[in-house]
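1. test case, fold it:
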Amino acid sequence: MTAEKPRVRFAPSPTGDLHVGNARTALFNYLFARHHGGEFILRVEDTDSVRTSTDSERRILEDLAWLAIDWDEGPGRGGAKGPYHQRERLDLYSHYLKILIQAGCVYPCYCTEKELEAERAELIFRKMMPRYMGKCRNLNDSERKNLADQGREPAYRFRIGTESIAFTDLIRGAMKFDAGAIGDFIIVRSNGIPAYNFAVVVDDYLMSISHVIRGEDHLSNTALQLLIYRALGFKPPVFAHHALILGKDRSKLSKRHGSVTVREFRERGILPEVLLNYLALLGSSLGGGREVCALEEMITSFSLDRAGKSGAIFDEDKLKWLNGIYIRQGDLHSLTERLLPFIRAAGYHKVDTLDRVWLERVIDAVRGDLSTLSDIGDQMDIFFDDRYVLSGEAQRLLGKEQALTVVRALQEGLEHPPLSADNSYRRIIEIVKRKTGVTGKNLFMPIRAVVTGRIRGPELDKVFAILSPASLKHRVETAISGLSGINR
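-> Here you go, the predicted structure:
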């Protein structure tokens, strides 16, 4: 680290929703900036007019805000180093292209895509590394004019030398690339739009970016970018390339592995602080063996030294396990607010008319069985008589003679005296136990099955406290009637 406060950036391309791998990169940059008292800049790389969209940009910004990854400069915030959309910086790229042309560092290339594809195919056939072989590298003015007269618009390629490219990566240590094996690469396309490696150098330099933290898939790009930094006389930033997120088959995490975007996990009911916690933990350590960590603790303990060099397996089961911990331990009122949209989505459109105290008691009873917020609909069903139904497992359990004896004793116990909320559960259990002589699992499982329609779920004392006496009686009668029909 230098004595100066770092400036880091996250630069998404708005071509789709925010991938969790990119969200992890954003998080690492954010944590690094906050840990060292620096600045976090958001820049939108939107020069691809075909694939980018304002809707994708909006969703990415919404998801970053949902994750509580806030930026100091960028869209919606402004800043002294803007503009922060690449499409608004085209004149800057044009300026620096002219400098490179004058210095003889780049040259116009008139090759068509068809010609380039044929060259690549030939190299592959000869078992050689596909790269540009320099067909237009040494054209004279007459040859260039002749190609231009054919209507060919040139791209501009960077002229590669034979030197090696070396740098020290904060995560991976000493890195070295052979420039001669790369081939002259395009920095400005024939339509005048800058290629990624050129635009990012200009942007990072003009925005005073001190550290570039990104995925290891950009290592080869770093070599190209360092050549451009050198040609323009710019001091390059410090680079750090973290490992990628992998699926369970150890390939790069993609749609074939399931949910891969922040938006998907958000809509499934993963809490934002949980996703942040998991992404910070993934492939690294928060220190002290911790697995549950608040954002402020992440900032305090963050270090690139603990960012793993090898790929990290994305384990959705562990993410849901961690989500369940947060759900169980979170503030009940806040949890209820977060659950409301998921309750409505489950068909409870009039949830706002429910008594709030009663609703929070229901949520408190079932939170232990929630791994995501979207699980709430299925869990709430047991508290509504119009959604009460005996599952197949419950029917099989209650079809046993001893279980049916317990249920009939429960029915008798519910008749008199009138139940009161403070002692109904304990009193009923004692009555059934005394009448049947049944204890333990053989006692509680039939009661759970007949009252909830299921063989697992929230604690029975909480269920009894929430359901009315009339509801309890109705369920037992309905179950007995149904079982009688089955057993005839």
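
2. residue 117 is in contact with residue 124, correct?
-> No. Using C-beta atoms under 8 Å, residue 124 makes no contact with residue 117, being 10.6 Å away. All C-beta atoms are positioned from the backbone trio N, CA, C, and that covers glycine.

3. where does the stretch 251-400 of the chain dip in pLDDT?
-> Applying pLDDT under 70 to the stretch 251-400 of the chain picks out residues 257-258, 284-289.

4. cutoff 90 now
-> 251-259, 281-293, 301, 304-313 (pLDDT under 90).

5. which residues in it form strands?
-> For the stretch 251-400 of the chain, the strands defined by DSSP state E, counting those that start in this stretch cover 312-313.

6. please, where are all the helices along it?
-> For the stretch 251-400 of the chain, the helices defined by DSSP state H, counting those that start in this stretch cover 262-268, 272-281, 295-301, 316-329, 332-345, 356-366, 376-380, 392-398.

7. to residue 426, which of these lies closest?
-> Minimum separation from residue 426 across the helices of the stretch 251-400 of the chain (C-beta to C-beta) falls at helix 356-366, 16.9 Å.

8. and that closest one, how far out from the chain's middle?
-> Counting by C-alpha atoms, centre = their mean, to the nearest Å, helix 356-366 is centred 29 Å from the centre of its parent chain.

9. which strands and helices sit next to that helix?
-> Secondary-structure packing of helix 356-366 (3 or more C-beta pairs under 8 Å, 6 or more residues apart in numbering; DSSP states H and E): helix 332-345, helix 376-380, helix 460-466.

10. buried residues in the longest helix seen in the chain, which are they?
-> In the chain, with assignment by DSSP state H, the single longest helix is helix 469-487. Going by neighbour count (16 or more other C-beta atoms under 10 Å), the buried part of helix 469-487 is 472, 473, 475, 476, 478, 479, 480, 483.

11. lowest-confidence one in those?
-> Least confident entry in those, by pLDDT: residue 483, with 77.

12. surely it meets residue 401?
-> No. Contact between residue 483 and residue 401 fails when scored by C-beta under 8 Å: they sit 11.2 Å apart.

13. re the thing from before, list the contacts of the longest helix of the chain.
-> With C-beta atoms under 8 Å, 6 or more residues apart in numbering as the contact definition, helix 469-487 has outside contacts at 385, 388, 390, 395, 398-399, 404, 407-408, 410-411, 414-415, 418-419, 424, 449-451, 453, 464, 467.

14. so how do I select the buried members of those in ChimeraX?
-> With 16+ other C-beta under 10 Å as the criterion, this ChimeraX line picks the buried residues out of these:
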select :388,390,395,398,404,407,408,410,411,414,419,424,449,450,451,453,464,467
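
15. next up, the contacts around residue 15.
-> So residue 15 contacts 48, 51, 52, 53, 56 (C-beta under 8 Å, 6+ apart).

16. ok but the first one is inside a helix, no?
-> The one in question is residue 48. No. Checked against DSSP: H, G, I helix; E, B strand; the rest coil, residue 48 lies outside a helix; its state is coil.

17. quick check: buried residues in stretch 49-59?
-> Within stretch 49-59, judged by 16+ other C-beta under 10 Å, the buried ones are 52, 56, 57, 59.

18. what about the first one, is that helix, strand or coil?
-> Assigned state for residue 52: coil (three-state reduction, three-state DSSP).

19. what's the closest of the buried residues of helix 469-487 to residue 188?
-> Closest approach to residue 188 among the buried residues of helix 469-487 (C-beta to C-beta): residue 475, at 72.4 Å.

20. ranges for the helices of the stretch 51-200 of the chain?
-> With DSSP H, counting those that start in this stretch, the ranges of helices along the stretch 51-200 of the chain come out as 54-66, 90-102, 113-125, 141-149, 196-206.

21. and residue 450, how far from residue 152?
-> For residue 450, the distance to residue 152 equals 81 Å [C-beta to C-beta, to the nearest Å].

22. what do you get for residue 469?
-> In terms of C-beta to C-beta, residue 469 sits 86 Å off from residue 152.

23. what of residue 30?
-> Using C-beta to C-beta, one obtains 45 Å as the distance from residue 30 to residue 152.

24. more neighbours: which of these two?
-> Between residue 30 and residue 152, counting by other C-beta atoms under 10 Å, residue 30 is the more crowded of the two (27 against 16).

25. show me the contacts for the more buried one.
-> Counting by C-beta under 8 Å, 6+ apart, residue 30 touches 10, 40, 69, 70, 71.

26. torsion angles phi and psi at the fourth one?
-> Phi and psi for residue 70, reported as degrees, to the nearest 10, are phi -100, psi 150.

27. again with the third one
-> With angles defined as degrees, to the nearest 10, residue 69 shows backbone torsions of phi -90, psi 100.

28. excluding its backbone neighbours, what's nearest it?
-> Leaving aside its sequence neighbours, residue 69 sits nearest to residue 30 (C-beta to C-beta, 6 or more residues apart in numbering; 4.8 Å).

29. and that neighbour, how far from residue 166?
-> If you go by C-beta to C-beta, the gap between residue 30 and residue 166 works out to 29 Å.

30. and stretch 453-467, how far out from the chain middle?
-> From the chain centre to the centre of stretch 453-467 is a distance of 34 Å (C-alpha atoms, centre = their mean).

31. what helix or strand does residue 404 sit in?
-> helix 401-413 (DSSP states H and E).

32. and that helix, how far from the chain's centre?
-> Per C-alpha atoms, centre = their mean, the centroid offset for helix 401-413 relative to its chain is 49 Å.

33. same check on stretch 97-117?
-> On the basis of C-alpha atoms, centre = their mean, stretch 97-117 sits 38 Å off its chain's mean C-alpha point.

34. list the buried residues for it?
-> 97, 100, 105, 106, 107, 108, 109, 110, 111, 116.

35. how close does the third one get to residue 228?
-> Looking back up the chat, that one is residue 105. 8 Å.

36. which residues do the two both contact?
-> Here residue 105 and residue 228 share the contacting residues residue 158, scored by C-beta under 8 Å, 6+ apart.

37. give me the contact list for stretch 275-282.
-> With C-beta under 8 Å, 6+ apart as the test, stretch 275-282 has contacts from 20, 23-24, 27, 31, 67-69, 245, 262, 265-266, 286, 291-295, 298, 302, 312, 314, 318-319, 322, 326.

38. recalculate using a threshold of 7 Å.
-> Here stretch 275-282 makes contact (C-beta atoms under 7 Å, 6 or more residues apart in numbering) with 20, 23-24, 27, 67, 245, 262, 265, 286, 291-293, 295, 298, 312, 314, 319, 322.

39. for the nearest residue to residue 246 once chain neighbours are set aside, give me the backbone phi and psi.
-> Using C-beta to C-beta, 6+ apart and skipping the chain neighbours, the partner closest in space to residue 246 is residue 311 (4.1 Å). As for residue 311, its main-chain torsions (degrees, to the nearest 10) stand at phi -60, psi 140.

40. my guess is residue 311 meets residue 247, correct?
-> No. Residue 311 is not in contact with residue 247 according to C-beta atoms under 7 Å; the separation is 9.6 Å.
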